[in-house]
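Asker: Give the three-dimensional model of this entry:
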Amino acid sequence: MTLTLRAPTLALAMLALAASASVSPAAASASPAAARPPQDTSALQFHSFRAGARLDELDQVIRRLDGGRLRCERSKRDRRVSECRGTVRDSALGGAVKVWVSAMDSVAGVITLSAGVDGETLDRWRGLIESRYGRVGAKAQGSQWMMQWVRRGRMLRLTWRTDRGERTASVSLVDGRVLDAWGESRTTASP
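Answerer: Prediction:
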């Protein structure tokens, strides 16, 4: 099974063309921010958690956010796969946030951050993501809502739901290239 996450290249090309046409050379030279190279948003990250990060990098992020250590166990079926857990406590995230990581050869294929949140915290999470990656429409499936961003084989998904008066939100970061490479190596290793 191959997971391929690609944004439509025609739409991206048109967006880039429209953006370049809307800035005149005089305006670009007048603003120091416009002189900087464009920000690479393909790495898709949330609060220093980055799709495709190595486990040692994620452990450092958790330690920096006052969360102790990332605890990992190797899968019994495939020793290259690690399932990791941790908790971070950060006021910018709204308090305690659970972290789950599925890593292949010590590289995160899937990272999920989850917490009980109030409306203000959910709005802050969404605002941080939208300020970096742009606005997208929210989609509902039953009582669950979801917003999703895709860049160069990576995906960031913000999900939230209210159940019995309590709201839970999660941010998932998926690196399709890590998952594809793992899937291909499993296929070639199978008899």
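
Asker: just to confirm, which helix or strand has residue 125 in it?
Answerer: helix 119-133 (DSSP states H and E).

Asker: How far off centre is that helix?
Answerer: Per C-alpha atoms, centre = their mean, to the nearest Å, the displacement of helix 119-133 from the mean C-alpha position of its chain is 13 Å.

Asker: next structured bit after that helix?
Answerer: Next along the chain after helix 119-133, taking DSSP H and E as the criterion, comes strand 139-141.

Asker: what are the pairing partners of that next one, and which direction each?
Answerer: Using DSSP bridges, the strands paired with strand 139-141 in its sheet are strand 144-151 (antiparallel).

Asker: what's next to the helix or strand following the strand it pairs with, contact-wise?
Answerer: Once the chain leaves strand 144-151, the next helix or strand it forms, by DSSP H and E, is strand 154-163. Strand 154-163 is touched from outside by 5, 42-46, 51-52, 117, 122, 125-126, 129, 133, 143-150, 167-177, with contacts defined as C-beta atoms under 8 Å, 6 or more residues apart in numbering. For the C-beta atoms, the positions are set from N, CA and C on the backbone; glycine is no exception.
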